[in-house]
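below is the sequence, then the predicted model.
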Amino acid sequence: LSEEFAGGKEWDLELVSCSGYGKNGALSVLQRSVRPQVVTTFELPGCVDMWTVLSGDQSGSGHHSFLLLSREDSSMVLKTE
């Protein structure tokens with residue numbers, strides 16, 4: 001790493017690579033941290049923030065199992081079906 005990144009601090013780095021050949025080629029982005037994927041946004045009165053928990057198997061066929069709601073005085077965990 002360059003001197004800019006050698007200071008021991010945690011940096012938000014990404015590595016972009018091209019792999020494969022022809023129709024099987026891909027552009028891959030490798031990240032050091034977990035990043036949310038924003039699908040939609042809306043206002044819910046009384047809630048400060050909300051998240052979903054994605055669960056499923058290794059094949060990528062997941063579903064949103066829980067909805068977490070953060071309020072000023074409490075938090076709620078709702079199970080989806």
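Noted; the coordinates are in hand.

how close does residue 23 sit to residue 81?
When distance is defined by Cβ to Cβ, to the nearest Å, residue 23 is 39 Å away from residue 81. In this view, the C-beta of every residue, glycine as well, is placed from N, C-alpha and C.

no no, residue 67
For residue 67, the distance to residue 81 (Cβ to Cβ) stands at 11 Å.

same drill for these two, tell me which one is more crowded.
More crowded of residue 67 and residue 81, by other Cβ atoms under 10 Å: residue 67, with 14 against 4.

partner residues bridging that one?
With DSSP bridges as the criterion, residue 67 is bridged to residue 52, residue 78.

I'd say it and residue 50 touch.
Yes: in this structure, residue 67 is within contact of residue 50 by Cβ atoms under 8 Å, at 6.5 Å.

show me the shaky parts of the chain.
Within the chain, the stretches with pLDDT under 70 are 1-12, 34-38, 57-61.

if we use 90, what do you get?
Counting by pLDDT under 90, the ranges of the chain that qualify are 1-68, 71-72, 79-81.

leaving out chain neighbours, which residue sits closest to residue 63?
Excluding the flanking residues, the one nearest residue 63 by Cβ to Cβ, 6 or more residues apart in numbering is residue 56, at 6.0 Å.

how near is residue 64 to residue 29?
Distance from residue 64 to residue 29, by Cβ to Cβ: 23 Å.

settle it for me: which of those two has more neighbours?
A direct count of neighbours by other Cβ under 10 Å for residue 64 and residue 29 places residue 64 higher, at 13 against 9.

so residue 63 sits in a helix?
No: going by DSSP: H, G, I helix; E, B strand; the rest coil, the assignment for residue 63 is strand, not a helix.

I'm done for today, thanks for sticking with me.
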